[in-house]
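Q: below are the sequence and a predicted model for it; my questions follow.
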Amino acid sequence: MSHHAMSPQPSVLIVEDEAPLVRLVGDYLRRDRFAVRATDDGHEALRLIRSHQPSVVVLDLGLPGLDGVEVCRQLRTFSDCYVIMLTARADEGDRLIGLSVGADDYVTKPFSPRELVLRVKAMLRRPRLAAAPPPRTHLVGPLRVNEASREIRLDSHPVEVTRTEFDLLAALIAEPGAVFSRRELINQVWGEEWVGDEHLVDVHIGNLRRKLGDQPARPRFIRTVRGVGYKLEPDRASS
């Protein structure tokens with residue numbers, strides 16, 4: 001089952017080292033029937049995300065030790081949970097860094113806890129998947145994508161990816177050679193109501209490429225179309 005909006009009691013992990021703020025935000029979330037966990041440690045946050053699969057992670061950018069950027073970068077390699085980045089700084093560079101590593105939203109301190117809860121609830125209403133046609137199996141060179149079983153095989157070996165990475169690859173491989181803009185990919189994977197920085201797509205494409213052993217400079221499958229977006233083309237050398 002998805003750990004997103006369909007869960008009867010969606011869960012939120014607060015990763016923040018300011019104890020009063022954790023208590024305040026936690027109280028607001030619990031009033032709205034969220035299951036809440038909290039930690040002030042980045043390594044512990046990654047462990048909790050793996051073991052409990054929260055729906056949303058509220059992540060402080062300025063954690064001691066493993067900071068919020070690195071936590072977000074690492075969690076994006078195995079989780080599709082929504083991430084709201086918190087920071088005391090309003091600098092655009094910080095915002096872009098947070099979004100560039102896969103955060104879905106960004107809130108600058110001080111903020112209204114009520115507004116944060118509304119953002120969490122709005123995020124959970126975003127569908128990760130648009131209405132899709134019947135599942136199909138796609139074969140491009142040595143790459144096989146089975147939509148029904150949600151399996152990816154490369155040279156007959158299984159490739160483990162996150163849900164978002166699978167959906168991005170399924171969108172691209174459904175129309176080999178067709179160029180998709182970031183917005184078109186967002187519409188298919190996150191839904192048309194999604195609002196945010198479209199470069200979020202780049203983060204997931206980067207992780208997907210690594211898992212496929214695909215290098216941007218010498219792509220086997222996913223090619224960057226400068227100024228437009230991405231397309232998937234057969235690996236001519238091995239097909």
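A: On my side now, so go ahead.

Q: in the lowest-mean-pLDDT helix or strand in the chain, what's buried?
A: Of the helices and strands making up the chain, the lowest-confidence element is helix 92-100, at a mean of 70, by mean pLDDT, DSSP states H and E. Neighbour-count burial for helix 92-100, with 16 or more other C-beta atoms under 10 Å as criterion, is recorded at 94-95, 97-100. Every C-beta, even on glycine, is put in place using the N, C-alpha and C of the backbone.

Q: quick check: mean pLDDT of the helix or strand following that helix?
A: Toward the C-terminus, helix 92-100 is succeeded by strand 105-108 as the next helix or strand (DSSP states H and E). For strand 105-108, the mean per-residue pLDDT is 85.

Q: within its sheet, name the partner strands of strand 105-108 and how each one runs.
A: strand 82-87 (parallel) (DSSP bridges).

Q: spatially central, which residue of this protein would that be?
A: Note on the chain: the residue nearest the mean C-alpha position is Asp80, at 4.4 Å, using C-alpha atoms, centre = their mean.

Q: was I right to think it contacts Phe166?
A: No. Distance between Asp80 and Phe166: 9.4 Å, which falls outside the contact criterion (C-beta atoms under 8 Å).

Q: helices of this structure, start to end?
A: For the chain, applying DSSP state H gives helices covering 19-31, 42-52, 68-75, 92-100, 113-125, 163-173, 182-189, 200-212.

Q: going by mean pLDDT, which of the ones you listed comes out lowest?
A: Confidence, taken as mean pLDDT, is least for helix 92-100 of the helices of the chain (a mean of 70).

Q: coming back round to it: dump the buried residues of helix 92-100 to CSV, plus distance to Gly68.
A: Conversion of the buried residues of helix 92-100 to CSV gives the following (distance: C-beta to C-beta, whole Å):
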residue, distance to Gly68
Asp94, 10
Arg95, 12
Ile97, 10
Gly98, 7
Leu99, 12
Ser100, 13
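
Q: relative to Asp197, which of the residues you listed is nearest.
A: Asp197 lies nearest to Leu99 out of those, by C-beta to C-beta, at 4.3 Å.

Q: tell me, how many residues neighbour Arg73?
A: A total of 16 residues lie near Arg73 under the criterion other C-beta atoms under 10 Å.

Q: make that Ala178, sorry
A: For Ala178, the number of neighbouring residues by other C-beta under 10 Å comes to 13.

Q: I'd assumed Lys231 was in contact with it.
A: Yes. Contact status for Ala178 versus Lys231: in contact at 6.0 Å, counting by C-beta under 8 Å.

Q: before we move on, back to that, distance to Arg136 added to the helices of the chain, as JSON lines?
A: As requested, the helices of the chain are arranged in JSON lines below (distance: least, C-beta to C-beta, whole Å):
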{"stretch": "helix 19-31", "distance to Arg136": "39"}
{"stretch": "helix 42-52", "distance to Arg136": "31"}
{"stretch": "helix 68-75", "distance to Arg136": "30"}
{"stretch": "helix 92-100", "distance to Arg136": "32"}
{"stretch": "helix 113-125", "distance to Arg136": "28"}
{"stretch": "helix 163-173", "distance to Arg136": "9"}
{"stretch": "helix 182-189", "distance to Arg136": "14"}
{"stretch": "helix 200-212", "distance to Arg136": "19"}
